Each structure stands twice: as C-alpha cells, then as structure tokens.
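A.B. asks: The amino acid sequence is not available; the structure is as follows:
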C-alpha cells in the first residue's frame, strides 16, 4: 500500500513534469478514502473514512463560521480541514481516546508528511506542509476553528448513534469534555452547545457518568 | 431514507433554535457518504461516493488553481465543490454517460435543493442555494474551474483503473472528449493534458476508438 498508486499506472510521458507530479500526488490522495476512523456514520451501518470526514468538516466550516469568536478567513479554514488528515494515508488514524497510539502520533505523522507532500513540486511541498503545520499548531484563528470542527463533527455522529465512540471502554463524560474542550478556544457558543449535547448524552446513559 | 436523520435522534431542546437547524442540516449531509458514483477508486476495490469525490475536488482545486486561465478566488472555488453534489442526497447521482437520466436531472435536483437547503435557517438556505446555482450556471471563473475539476477527477480515476467508466457500453473516445470539453472553458493547459490522457487511453484500448 505504501508504493505510490501512480507507479501502477504511470501517466503519459507527454505531460509537463510539474503537472505530472501534481497528478501523482492527487492520485495518492485517493488512499485517504480507505483510512477508517472509529466514528459510525449516521446514514449507513459502517465506519467513516478520512476523506468523508474531511469533506464533512469543510461543510461545517461553511455553515458554522458565524460562531467563530475571532474573525476567520473562510476559504483558508476550509483549506486547513481539507488537508488536515492527509498524513494519515501513511500514519493511519489515531483515535481520540487511544492514549497509547497518541504517544507515537507526532513522530509517525511527521514522517508521513515528508513522504506524502514530497510527491508535489518543491514550492507546493512547502505550501501544503505549512497548511498542515498551521492546523496542528492552532496558533491562528483559522486553525483553532478548523480544530473545533474536527472535534464537533464526531460529537454530532456520536449523538446520532446514541453513543458511538463515547462507549469506548474507560471513557466517561469527563473524558469527553476534556478532549473536546479545544472547541472553546474557537467558539464559546459552540462549546456551550457541545456541553449541552454531552450532558444530555450522559443523562441518557449514552456515555458513562463522570463520577 | 428521505426522513431527515435528525428525526431519529432529535437534538436536546436546550440548544438555540438557529444552531439546531444548522446541526440538523449537517446531520442530513451525512447521507452524501452513501450516494455512490460510477467511478472506481484507485486505492480500493469499490465505487466512490459523493462525499469522497467532493473532498477530492477540494484538494484538486488547492493543488491545480495555478492552471486557471482567469484569476479565481481559491476559497470560494473550494466552497463550490464542497456543496456541488449535495442535492444528490435526494436526487441521486446521474452518471455522465447516462443520457436518459440526464433528461430528468434538472427537475429532480431542483426539488432536492428546495428540500435539503430548506433545513437551514432562511438566510443560509438562500446562501447555499446560490452557491449551488453558481456552480451549475458556470458563469463565474470560480464555477468554471470547479466544473473543470469535476470533469478531471474521474478522468484521473479512469486512467488509474485502466478504463473505469470509459468502458460504459456505447462510449468512445469521442464521447469522452465531448463530455470533458468544459475543462477547456477553465484551463487550456489542463484541457491539453486531459486530451493527452484520453488519447493515450484510446491508443492502449482502455476506451473504445472514436471512429
């Protein structure tokens, strides 16, 4: 799986080399559709993949941007969510409640970024790497809002599933609140809504009680 | 399937009503992950769904925008591709080479847009409907480029599959060129590349010859 997909069906030699590199990267990106997350879909009886998840975040940014506490550039925020999971093509998904996997996550993802963005022409390798770094660092309003969407979306899916990954062994409502608190760095209103949803989930027994 | 997903698990009453409408729309959007297209994935032995496809287009816009013949607003173009297939949640996918389905496509999609965007608050219903209309009308540089990506992406998947939907009965290289010609309305360079790929596919027998 780690062999670039384009090597199975090399592009015609007549294409300009810069465009051929870009198309090779875009072909490799197809693999994101095979990286499974823990979240159950609401609309079908299967788990979500990273490409579907990333698209859902882009739509959420477009619909919920009005709740950002700081002004955000909508287009840039959508770009951040579009690229934020690409490194998982090689590094795999690290579930939010998998503390063991999260220890090695940064190192695995750094290596994956180098390999994946390295398929692009040099200037674009730097550009897309910078977008991913911006998302991870959460130092810009756009990155904070993008991360908030990344935490809100599975919350919505878990609600719709009446539990979902909230029912991971060892997880309680307190764990969920702690892992979701970054929503509050981007939007007080969305964080209040998230706490309402988690609290109601706890009341209904869809997530284990905090105490 | 046409009952809104949110009705199965209504949101807590304590949420503000505007946000509750927005989350109901975002929950319904989950259904796009179940709308199958004809295109085969390169990375797995199954067909692509609309949500994955829409994400792939967003990434293509970010990577290939430099080839646009007219200046485009990158963020707006990504928004257009993010929403362009949403109406298929109710109207279904209409394959590019399905002439019968294409006759009723507009009417089915108009009704779907009314129903789907109607889940949103009134101002956002108008906003997202306008984005979809802009994509369909192809009267702005952003919409022309978005449509070009919508035509380039399956071309890349068909190449990687050594045929894919090019092998639909009755389709020849001439049909493919005719259906893909809108790429040239956005980018002469990408249209030249597309013709190179189609031509090489024809030479290798992955698409039936034109004559």
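C.D. replies: The structure has been received and is ready for your questions. Keep in mind that what you see is a predicted model, and the values were worked out from it rather than measured.

A.B. asks: can you map out the strands along chain A?
C.D. replies: A:36-40, A:47-49 (DSSP state E).

A.B. asks: Share the number of residues neighbouring residue A:137, please.
C.D. replies: Residue A:137 has 11 neighbours, counted by other C-beta atoms under 10 Å in any protein chain shown. (Glycine included, C-beta is placed from N, CA and C.)

A.B. asks: sorry, back to before: just put the strands of chain A in CSV and tack on mean neighbour count, mean pLDDT and distance to chain B.
C.D. replies: Formatted as CSV, these follow (neighbours: other C-beta atoms under 10 Å in any protein chain shown; pLDDT from 0 to 100; distance: least, C-beta to the nearest C-beta, whole Å):
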stretch, mean neighbour count, mean pLDDT, distance to chain B
strand A:36-40, 20, 96, 10
strand A:47-49, 21, 98, 7
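
A.B. asks: Same list (those) but as TSV, adding distance to residue A:186.
C.D. replies: TSV is the format used below for the strands of chain A (distance: least, C-beta to C-beta, whole Å):
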stretch	distance to residue A:186
strand A:36-40	20
strand A:47-49	22
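
A.B. asks: closest one to residue B:140 among those strands?
C.D. replies: strand A:47-49 (31.5 Å; C-beta to C-beta).

A.B. asks: From the chain's centre, how far out is that closest one? Work that out for me.
C.D. replies: Taking C-alpha atoms, centre = their mean, to the nearest Å, one finds the center of strand A:47-49 at 12 Å from the center of the full chain.

A.B. asks: what residues does that strand touch?
C.D. replies: A:32-41, A:157, B:33, B:52 (C-beta atoms under 8 Å, 6 or more residues apart in numbering or on different chains).

A.B. asks: closest to residue B:63 among these?
C.D. replies: Scanning these for proximity to residue B:63, where the rule is C-beta to C-beta, the winner is residue A:32, at 13.8 Å.

A.B. asks: Pretty sure the closest one sits against residue A:87.
C.D. replies: No. Using C-beta atoms under 8 Å as the test, residue A:32 is too far from residue A:87 to be in contact (9.7 Å).

A.B. asks: Can you name the residue of chain A nearest to chain B?
C.D. replies: residue A:75 (1.2 Å; C-beta to the nearest C-beta).

A.B. asks: Could you confirm whether any residue of the helix or strand of chain A with the lowest mean pLDDT contacts chain B?
C.D. replies: One helix or strand of chain A scores below all others by mean pLDDT, DSSP states H and E: helix A:99-117, with a mean of 92. No. Figure legend: helix A:99-117 not in contact with chain B (C-beta under 8 Å from any C-beta of the partner chain); closest approach 10.9 Å.

A.B. asks: quick one: contacts for the residue most central in space within chain A?
C.D. replies: When C-alpha atoms, centre = their mean is applied to chain A, the residue found nearest the centroid is residue A:85 (4.8 Å). Residues counted as contacts of residue A:85 (C-beta under 8 Å, 6+ apart) are A:32, A:35, A:50, A:53-54, A:93.
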